[in-house]
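Asks: Okay, predicted coordinates and the sequence, questions at the end:
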Amino acid sequence: MAESAKSTRRMALIIVALLLAVAAAFFFSSESKPAFYIDPTDPQRISRGQAIYVQHCAACHGVNLEGQPNWRTRLPNGRLPAPPHDETGHTWHHPDIVLFDITKHGFVPGKTAPPGHESDMPAYGSILSDEEIMAVLAYIKSTWPKEIQDMHLDVSRRHHRD
């Protein structure tokens, strides 16, 4: 009987240790970068992204990422003006994977836009490589204050877990 009690106690300790290991793994993984993460700290990528942004994006989104005036007010055609990509806009509310998808494929109703949504935002998948798109997004993110970058990282983490 004593041997059975020791065996049961040993099994209970193993189970507790496994549960603690799983909890620790979850905790530490929630602090890591999401699976799709665009690093806004690489100076070469940022410089390249800025040049691409000026060439392909600034005409609508502004040289200083300020967007078009009254970007929240619909135009006569029912579409919205180009939003800012600085911290005053909503770009940072979307995870990296969604920003990449919108840039590459445009707004896709039911996927990256509400059903029936129309936008003047073109798809850049046939114009820019994936690396060029990521460089543009790295440049945009690099201009955000640290607290906005941190909030954006949290958005990307939450999206990754969903």
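Replies: Arrived safely, thanks for sending.
Asks: pLDDT on stretch 122-141, on average?
Replies: Averaged over stretch 122-141, pLDDT sits at 97.
Asks: got any ranges where the protein has weak pLDDT?
Replies: Low-confidence segments of the chain (pLDDT under 70): 1, 20-32, 160-162.
Asks: Return the residues in contact with Asp154.
Replies: Contacts for Asp154 (CB atoms under 8 Å, 6 or more residues apart in numbering) come out as none. The way it works is simple: take the backbone N, C-alpha and C, and place the C-beta from them, glycine included.
Asks: do you know how far it is from Ser7?
Replies: According to CB to CB, to the nearest Å, Asp154 stands 45 Å off from Ser7.
Asks: List the single closest residue to Ala113 in space, sequence neighbours excluded.
Replies: Of all residues not flanking Ala113 in the chain, Phe107 sits nearest, at 3.8 Å (CB to CB, 6 or more residues apart in numbering).
Asks: Check the secondary structure at Gly89 for me.
Replies: Applying DSSP: H, G, I helix; E, B strand; the rest coil to Gly89 yields a three-state assignment of coil.
Asks: check contacts around it.
Replies: By CB under 8 Å, 6+ apart, the residues touching Gly89 are Leu65, Gly67, Trp71, Pro83.
Asks: isn't the last one right up against Trp71?
Replies: Yes - in this structure, Pro83 is within contact of Trp71 by CB atoms under 8 Å, at 4.7 Å.
Asks: which one of these two has more residues nearby?
Replies: Pro83 (20 against 17; other CB atoms under 10 Å).
Asks: Surely the more buried one is within a strand?
Replies: No - according to three-state DSSP, Pro83 belongs to no strand; its state is coil.
Asks: Give the full set of residues in contact with it.
Replies: Pro83 makes contact with His61, Gly67, Gln68, Trp71, Arg72, Gly89, His90, Thr91, according to CB under 8 Å, 6+ apart.
Asks: Done for today, thanks.
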